[in-house]
Structure formats: C-alpha cells, structure tokens
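# Provide a 3D model corresponding to the input given below.
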Amino acid sequence: MGVETKKMANSIATASGDFGDRIKSWPERIKAFYSDVRTEMKKVTSPSRKEVQGTTTVVIITVFLFAFYFWLVDLAISNSLERMLHYFSRR
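Okay, here's the model as predicted:
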C-alpha cells in the first residue's frame with residue numbers, strides 16, 4: 001500500500017469519527033484558534049505616518065497617470081472610429 005493511500009485511509013477514518021467527539025472538541029479548537037490569532041496579531045506592525053503619506057502619494061499620482069493614459073487611448077480610439085464611420089457613410 002502506497003504512502004498516499006495510507007494517508008487517504010487515515011484521513012477518511014478520522015473524518016468518519018464519532019460526531020460527538022467532534023462536538024466535544026469544538027471549544028478546545030476555538031480556544032486554540034483564538035490563541036493562534038492572538039499570537040499572529042502580536043507580530044503585526046502598523047506603518048508610520050510618513051510611510052502612509054508616501055504610499056498614498058504614490059497611489060494618487062499613479063491613478064492620475066493611468067487616468068491620463070486611458071483618456072488618451074479613448075480619445076484616439078473614438079477619433080479613429082468617428083473618421084472610419086464618416087468615411088464609410090459617404091460611400
């Protein structure tokens with residue numbers, strides 16, 4: 001029997017365990033989950049005001065650059081379509 005087959009058999013046997021055991025272990029699993037969340041949240045650091053201002057400035061400048069670029073693309077496409085429609089409407 002292969003390793004994957006044994007792992008699959010063990011996971012199926014565990015999944016089909018007694019429903020009562022899973023219900024009884026629920027509070028312990030919830031406590032462990034919140035303990036893990038608390039541990040991970042201690043590792044989180046907030047950015048400084050200077051970092052927030054810097055990234056906000058970059059985002060605002062980038063938005064305006066993309067807006068200008070898409071305005072130019074839209075203008076070029078609309079003008080070319082207008083000329084093409086005008087050209088074909090005369091024929």
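
# Show me the longest helix that occurs in the chain.
helix 49-90 (DSSP state H).

# What is that helix packed up against?
For helix 49-90, the contact count by 3 or more C-beta pairs under 8 Å, 6 or more residues apart in numbering; DSSP states H and E identifies no helix or strand as a packing neighbour. All C-beta atoms are positioned from the backbone trio N, CA, C, and that covers glycine.

# Work out the gap between that helix and the centre of the chain.
25 Å (C-alpha atoms, centre = their mean, to the nearest Å).

# now stretch 39-49
Using C-alpha atoms, centre = their mean, the offset of stretch 39-49 from its chain centre is 20 Å.

# Using PDB, write out every CA atom in that stretch.
Backbone C-alpha positions of stretch 39-49 (Å, rounded to 0.1, in the frame of the first residue of the first chain) are rendered in PDB as follows:
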ATOM      1  CA  THR A  39      -0.100  35.200  18.600                       C
ATOM      2  CA  GLU A  40      -0.200  36.300  14.900                       C
ATOM      3  CA  MET A  41      -1.600  39.700  15.800                       C
ATOM      4  CA  LYS A  42       1.300  40.400  18.100                       C
ATOM      5  CA  LYS A  43       3.600  40.100  15.100                       C
ATOM      6  CA  VAL A  44       1.600  42.800  13.100                       C
ATOM      7  CA  THR A  45       3.100  46.200  12.900                       C
ATOM      8  CA  SER A  46       1.400  49.400  11.800                       C
ATOM      9  CA  PRO A  47       3.000  51.700   9.300                       C
ATOM     10  CA  SER A  48       4.300  55.000  10.400                       C
ATOM     11  CA  ARG A  49       2.500  58.200   9.400                       C
END
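
# contact partners of it?
residue 55 (C-beta atoms under 8 Å, 6 or more residues apart in numbering).

# pLDDT (mean, whole number) over it?
Across stretch 39-49, pLDDT averages out at 95.

# Kindly tell me how buried residue 87 is, as a neighbour count.
Burial of residue 87 is recorded as 9 neighbouring residues (other C-beta atoms under 10 Å).

# so what pLDDT did it get?
At residue 87, the predicted lDDT confidence score is 92.

# Residue 2 too?
Note on residue 2: pLDDT of 57.

# lowest-confidence helix or strand of this structure?
helix 3-15 (a mean of 57; mean pLDDT, DSSP states H and E).

# Please consider this matter closed, and thank you.
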